[in-house]
Each structure stands twice: as C-alpha cells, then as structure tokens.
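**Q** can't give you the sequence, but here's the structure:
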C-alpha cells in the first residue's frame, strides 16, 4: 500500500471540512451559474461533499479503485438528473468544490522547502485526478439517463438515441 506524501494536507482538509463546505454552499447559492440548486438540492450535494471531504484520504489514496469512484458518481449523477439539476450546473459545483479545497490548502500551508512543495504538487495531482474521474462518471451517467429518458418519454428508438448521445461510446461498445 503506497502512502501519500501529502497525508498531512489530507488530514488538514478532513479536519476542516465543515468550514470548506460552508463557503462552498454559500457560493453555490450565490452563483448565477448554479441557480438550479435550491436549498434542498444543496442539502443533498452538501451531504455528499461532506462525506467526500471527511474521507478524502480514502478517495485520493493510490489504492482506491476506479470502480469505487465510478459507483459513487454514477449513482450521484442519476440522483442529480432526477432532481432536475442541469449537467453543466452539476459539473460547475464539482469544479467549485475542487477549487475551494485547493485554495484552502494553499491558504493554510507554507511551502518553504522542496519537500513541502512536493507535498503540494502530489496533493494537487491526486486531487485533480480524483475530480477528473468523478466528473467523467457524472457526465457519462447523466448522459445515459438523458438518453434513456428521451427514449422512454418521446418514444425515440435506441438507434436514434445513439445518433444523438453516442451511448455506445460510454462503455466502449
């Protein structure tokens, strides 16, 4: 099991997750780009983000399997679709959360040595990789839900839906 050099940074985030989440929720509610998020929606995504931040070490760890990320974010995308949160707003919420985490780390740490700079770099690399994977699974799952809904609600054939959504590419079929 490979350990993160930046475990100290992960611990700092896990310990301060409430303050990061508070700022993130304020931004979601104030940002015109995420205007579809009502207080109820924000409660849902805030609970999900809280679980993420309080267990960030698990998600950023080298041993975390991509299948775990896929499962979590496939399910979240389905929920967001059912809640009628547009895909671009769901994606924006994830981008803003990643940015708030990174800004928190930058504000709360010093980088006086090569070792500390290496910790920041490793942390940033792991954070970006995790969020990139999560966003991929959210987008893929959301688009699959959109395709299925179009097929059912508008009686569009699977072949015609494929012409619009390229669903076979979602799973490399």
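**A** In hand now; what should we look at? In this text the structure is predicted, and so the values were computed from the model without any measurement.
**Q** For residue 134, pull up the helix or strand it's in.
**A** helix 114-153 (DSSP states H and E).
**Q** what's the average pLDDT for that helix?
**A** Averaging pLDDT along helix 114-153 gives 91.
**Q** Next: stretch 71-82.
**A** 96.
**Q** What residues sit buried inside it?
**A** Within stretch 71-82, the residues that count as buried by 16 or more other CB atoms under 10 Å are 72-74, 76-77, 79-81. For glycine as for every other residue, the C-beta is placed from the backbone atoms N, C-alpha and C.
**Q** Among these, which one lies nearest to residue 160?
**A** Of all the buried residues of stretch 71-82, residue 160 sits closest to residue 81, with 20.0 Å by CB to CB.
**Q** Next up, the contacts around the closest one.
**A** For residue 81, the contact set (CB atoms under 8 Å, 6 or more residues apart in numbering) comprises 142, 145-146, 149.
**Q** coming back round to it: any idea how far the helix holding residue 134 is from the chain center?
**A** A distance of 5 Å separates the centroid of the chain from that of helix 114-153, by CA atoms, centre = their mean, to the nearest Å.
**Q** for it, packing partners?
**A** helix 7-15, helix 56-60, helix 66-82, helix 87-108, helix 158-165, helix 167-170 (3 or more CB pairs under 8 Å, 6 or more residues apart in numbering; DSSP states H and E).
**Q** Out of those, flag the one nearest residue 28.
**A** Nearest of these (CB to CB): helix 87-108, 5.9 Å.
**Q** Show the average pLDDT along that closest one.
**A** 95.
**Q** and the angle from that helix to helix 114-153?
**A** Comparing the axes of helix 87-108 and helix 114-153 via axes from the mean of the first three to the mean of the last three CA atoms, to 10 degrees yields an angle of 170 degrees.
**Q** What residues sit buried inside helix 87-108?
**A** 87, 89-94, 96-98, 100-102, 104-105.
**Q** now do stretch 138-157
**A** Buried residues in stretch 138-157 (16+ other CB under 10 Å): 138-147, 151, 156.
**Q** Please apply the same query to stretch 28-43.
**A** Under the neighbour-count criterion of 16+ other CB under 10 Å, stretch 28-43 has 28, 33-34, 37, 41-42 buried.
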